[in-house]
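Student: the following block contains a protein sequence and its predicted model.
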Amino acid sequence: MTALPPRQSLLTPDTPVDLDNCAREPIHIPGRVQPRGCLLVVRSSDLTVVQCSVNVAELLGRPSQTLLGSTLREGLGTYFEGVVRRHLAAGPRLHDRNPLLVAVEVDGQLREMDAILHRIPLPDDLDDSLLVIELEPAEGPRPFTFANTYQAVRDAVNDLNRVSSLAEVFDIAARHVRDLTGFDRVMIYAFDEDYNGEVVAEVHREGLNSFLGLHYPATDIPAQARALYEKNWIRLISDVDYVPSEIVPTANPITGAPLDLTHATLRSVSPIHLEYLGNMGVRASMSISLLRDGKLWGLIACHHYSGPHEPPFGVRAAAEFLGSTLSLRLVAQVEEDRLAASQRAAGMLADLVARSRDEELPLGQALTSSDLLLDLVQADGVVVFADDEVSTRGETPDAQKSRELAEWVLEQDDDLVRTDSIVASVPELAGADDAAGLLGITLPDGQAVVWLRHEATRDVDWGGDPHNKTIERLEDDSVRLSPRKSFERWREVVRDHSIPWQDDVVASATSLRAHLVEALYLRGQRDLRSAQAMQRSMLPSSLPQPTGWQVTARYEPADGGRVGGDWYDALVLPSGRLAAVVGDVAGHGLPAAASMGQLRNALRAILVGSESPARSIAELDRVARWTLPDQYATVLVAVLDLATGEVEYSCAGHLPPLLLAPDSSSTWDRPLGTPPLGVIDSEPATRRVTVPKGGGIALFSDGLVERRTESIVVGVDRLQSALAGGAGVDGAMELSHAADSNDDATLLLLCRDDDCA
């Protein structure tokens, strides 16, 4: 339940209130009551009066100074005290048994009064509570019975249960409340998410103008007033011209603080609100709270114009019961409407999910092949940004503007973004054709779905100009602020906004996001399986094992099993020498695996004809420029003379090999600093080394030795230590490749005389 604003943020009760500070007015502790009744505050333990309203002298015939400090028995008699004690002893839920009919002797005659009781807890160390007793002259039939309470609203309850739309619920409730209470006008007043109000139903006597459809700004009912409406469901002002009766003493003697009148029926209201009603011509007012899930959803607002109007407590209790029934019926109808909408959305979601899992179509094409994506959230256009492609359906901006909208959604911190005014939220993207509102969901790997709605230029009729919040007027030779005096229909044209994205629509978009994340995962698994199959087909099924040499290799994908573009190869050339290759194509998944396959096959063909590492790389560079212009790749080519151990190698942006000596030492040439494939200007340099007997040479990709937190030299040393320790290819991979690496790793090891592995 909404709490009252922190006390320190409120004004003190004696602070003059105007429209600049009325939102901070401490309306729950006004220190006054309406004079249609009087108020007593007694200590529960001994029923001693500690506070009372000054008008007890008029209504009870006892001056306040006489009652204060006396017990109820001393001040109001044994009968009065006995009735109160029996009421308290019947159980803790005083509200359920209010009002209590009591009789007080005033000027020698018994006066029957309705007593409304509620408790105010005190701090635990006092082990006591305060009892607030409000007394009103008893009117209407007594005691309250089934016939004069429930039957008063039975027909209304039956009518409410027969209707099937919110509009009918509102109309019936307004009619029955007016019949029950006799007010000149009864309105159903609904709040939007910002607590601006709209009159959604109305019944009034002949001769009154209609307020139906009028809007009122949230400032008409400040936050602290809304908080009280959630706690005290009914409030009556029987005469807006009343002179309030002070509570004495102002501070409660036990708590030292002003009396909290949150649950009091007689609580005096803000003078600003009384002036507001007076400016509307209202002489009496009553409001009944409409709650949904404990939150204030709206009000039943009752106005009387011909003079003061005071429905007796029994009528008010029946009206409050009707308001509670309407609240329950409202929740039930909203849930029925929500269920129907949810069922429709579920059907559309099921179809969209099936389409998203059609692996024969790209995701964007699958989702935009029908209007389902639009219908799901009642949008005019939709942009699907997936696989770096823009797919659209309905009325959308051009491809560039659509991409910019998707990129803006991806830049936000939330998985779901909504605005009904692109102009206000993203002014740099305003003017995207007729798009005024945006709802976007983000997906993994920089993908997004963005729905758009057209501008919904609409006329909003306000009860008076909501922007004219204050009017100066002369009063008692001083200028003060007062509520707006004019409540004539004032029309405002709202532009640059779409219809707001309602919660049910947002819920559908959120559900779709969850399904699409799963669909993308499944698509990723399919792509991963395809990439793995392609990679396995590209890597040698077996490696040549020439006499006197042992050739071993291992490939390890990145963390999460993402297949990348690493490859290795070893083949005997026509001259009898052995060509060894390690390459690395940037990226992951099918694109990287496909590029790797093309480069691997092209290099094989080139090596067979050339056998020169430098010339082979230069020729492969021309192939890459022509067939893979946007692909970044590196490669190391080494040609080994099996008889002498002499190795000739060249690199294109790749790390040089590691030369292993028989004594477990190693030599690693610094990187050549050559550019990667696709940007080589001339034939790369060639280096020569000789593998001694008992030694070896290791070719590897950077993913094996690179880590974010350390120098690459540290990684090469780690690899060398692993190989020198006899770990072999498998052990060296385990020791060198970081478990959480986001890059794949490859190691190709050639050992002479079988002594180094």
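Tutor: In hand now; what should we look at?

Student: which residues sit in contact with residue 719?
Tutor: Contact analysis of residue 719 by Cβ atoms under 8 Å, 6 or more residues apart in numbering lists 658, 698, 700, 704-705, 732, 735-736, 747. No exception for glycine: its C-beta is placed from N, CA and C like everyone else's.

Student: quick check: pLDDT value at residue 675.
Tutor: With respect to pLDDT, residue 675 scores 88.

Student: would you mind measuring from it to residue 570?
Tutor: 25 Å (Cβ to Cβ, to the nearest Å).

Student: ok, those two, which is more surrounded?
Tutor: Using other Cβ atoms under 10 Å, the more surrounded residue of residue 675 and residue 570 is residue 570, with 23 against 14.

Student: quick one: the more buried one and residue 551 touch, right?
Tutor: Yes - contact criterion Cβ atoms under 8 Å: residue 570 and residue 551 qualify, at 5.4 Å.

Student: residue 682 belongs to a strand?
Tutor: No - applying DSSP: H, G, I helix; E, B strand; the rest coil, one finds residue 682 to be coil, outside a strand.

Student: could you find the closest non-adjacent residue to it?
Tutor: residue 618 (7.6 Å; Cβ to Cβ, 6 or more residues apart in numbering).

Student: in the stretch 251-400 of the chain, which segments are predicted with low confidence?
Tutor: For the stretch 251-400 of the chain, applying pLDDT under 70 flags the ranges 338, 341-342, 359-360.

Student: now the helices for it?
Tutor: Using DSSP state H, counting those that start in this stretch, the helices found in the stretch 251-400 of the chain span residues 271-279, 313-356, 363-367, 372-377, 399-411.

Student: out of those helices, nearest to residue 182?
Tutor: With Cβ to Cβ, the closest approach to residue 182 among those belongs to helix 313-356: 8.1 Å.

Student: indicate which one of the helices of the stretch 251-400 of the chain is closest to residue 722.
Tutor: Nearest to residue 722 among these is helix 399-411 (41.2 Å), distances taken as Cβ to Cβ.

Student: tell me which strands the next helix or strand along the chain from the closest one pairs with, and in which orientation.
Tutor: Note on helix 399-411: by DSSP states H and E, the next helix or strand toward the C-terminus is strand 416-419. Note on strand 416-419: by DSSP bridges, its sheet partners are strand 435-443 (antiparallel).

Student: distance from the chain centre to the partner strand, please.
Tutor: Distance of strand 435-443 from the chain centroid (Cα atoms, centre = their mean, to the nearest Å) equals 14 Å.

Student: now stretch 640-653
Tutor: The answer for stretch 640-653 is 61 Å, by Cα atoms, centre = their mean.

Student: buried residues in it?
Tutor: With burial defined by 16 or more other Cβ atoms under 10 Å, the residues of stretch 640-653 counted as buried are 640, 642, 645, 647-653.

Student: look at the nearest residue to residue 578 once chain neighbours are set aside and report its pLDDT.
Tutor: Leaving aside its sequence neighbours, residue 578 sits nearest to residue 640 (Cβ to Cβ, 6+ apart; 4.5 Å). Here the pLDDT value assigned to residue 640 is 96.

Student: quick check: residue 640 touching residue 646?
Tutor: Yes - under the criterion of Cβ under 8 Å, residue 640 makes contact with residue 646 at 7.5 Å.

Student: quick check: neighbours shared by the two?
Tutor: Common contact partners of residue 640 and residue 646 (Cβ under 8 Å, 6+ apart): residue 691.

Student: determine the longest strand present in this structure.
Tutor: Ranked by residue count and defined by DSSP state E, the top strand of the chain is strand 109-121.

Student: separation between the residue nearest to residue 578 and residue 613?
Tutor: Going from residue 640 to residue 613 by Cβ to Cβ gives 10 Å.

Student: do residue 243 as well
Tutor: 105 Å.

Student: distance from the chain centre to stretch 283-299, please.
Tutor: Relative to the mean C-alpha coordinate of its chain, stretch 283-299 is positioned 26 Å out (Cα atoms, centre = their mean).

Student: just the buried residues of that stretch, please?
Tutor: The neighbour-count check on stretch 283-299 (16+ other Cβ under 10 Å) flags 283-291, 296-299 as buried.

Student: which of those fall within strands?
Tutor: Reading strands off the buried residues of stretch 283-299 with DSSP E, I get 284-291, 296-299.

Student: residue 719 should be in a helix, yeah?
Tutor: Yes - assessed with three-state DSSP, residue 719 lies in a helix.

Student: wait, residue 249 sits on residue 51?
Tutor: Yes - with contact defined as Cβ under 8 Å, residue 249 counts as touching residue 51 (6.5 Å).

Student: wait, which of the buried residues of stretch 283-299 is closest to residue 223?
Tutor: Nearest to residue 223 out of the buried residues of stretch 283-299 is residue 296 (Cβ to Cβ; 10.4 Å).

Student: pretty sure the closest one sits against residue 191.
Tutor: Yes - if you go by Cβ under 8 Å, residue 296 and residue 191 touch, sitting 6.9 Å apart.

Student: how many neighbours does the spatially closest residue to residue 107 that is not a sequence neighbour have?
Tutor: Closest residue to residue 107 apart from its sequence neighbours, by Cβ to Cβ, 6+ apart: residue 61 at 5.7 Å. Neighbour count of residue 61, defined by other Cβ under 10 Å: 16.

Student: next, the buried residues of the helix or strand that residue 626 is a member of.
Tutor: Assigned by DSSP H and E, residue 626 belongs to helix 613-627. For helix 613-627, burial by neighbour count (16+ other Cβ under 10 Å) applies to 613-621, 623-624.

Student: with pLDDT and distance to residue 520 as added columns, please give the residues you listed in a markdown table.
Tutor: Converted to a markdown table, those look like this (pLDDT from 0 to 100; distance: Cβ to Cβ, whole Å):
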| residue | pLDDT | distance to residue 520 |
| --- | --- | --- |
| 613 | 94 | 42 |
| 614 | 93 | 44 |
| 615 | 94 | 44 |
| 616 | 94 | 40 |
| 617 | 93 | 38 |
| 618 | 92 | 41 |
| 619 | 92 | 39 |
| 620 | 92 | 34 |
| 621 | 91 | 35 |
| 623 | 89 | 33 |
| 624 | 88 | 30 |
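
Student: quick revisit: which two in the buried residues of stretch 640-653 are spaced the farthest apart?
Tutor: Taking Cβ to Cβ as the measure, the buried residues of stretch 640-653 span a maximum distance of 27.8 Å, between 642 and 653.

Student: show me what the mean pLDDT comes to for the strand or helix carrying residue 203.
Tutor: Remark: residue 203 resides in strand 197-204, with elements defined by DSSP H and E. Here strand 197-204 scores 90 as its mean pLDDT.
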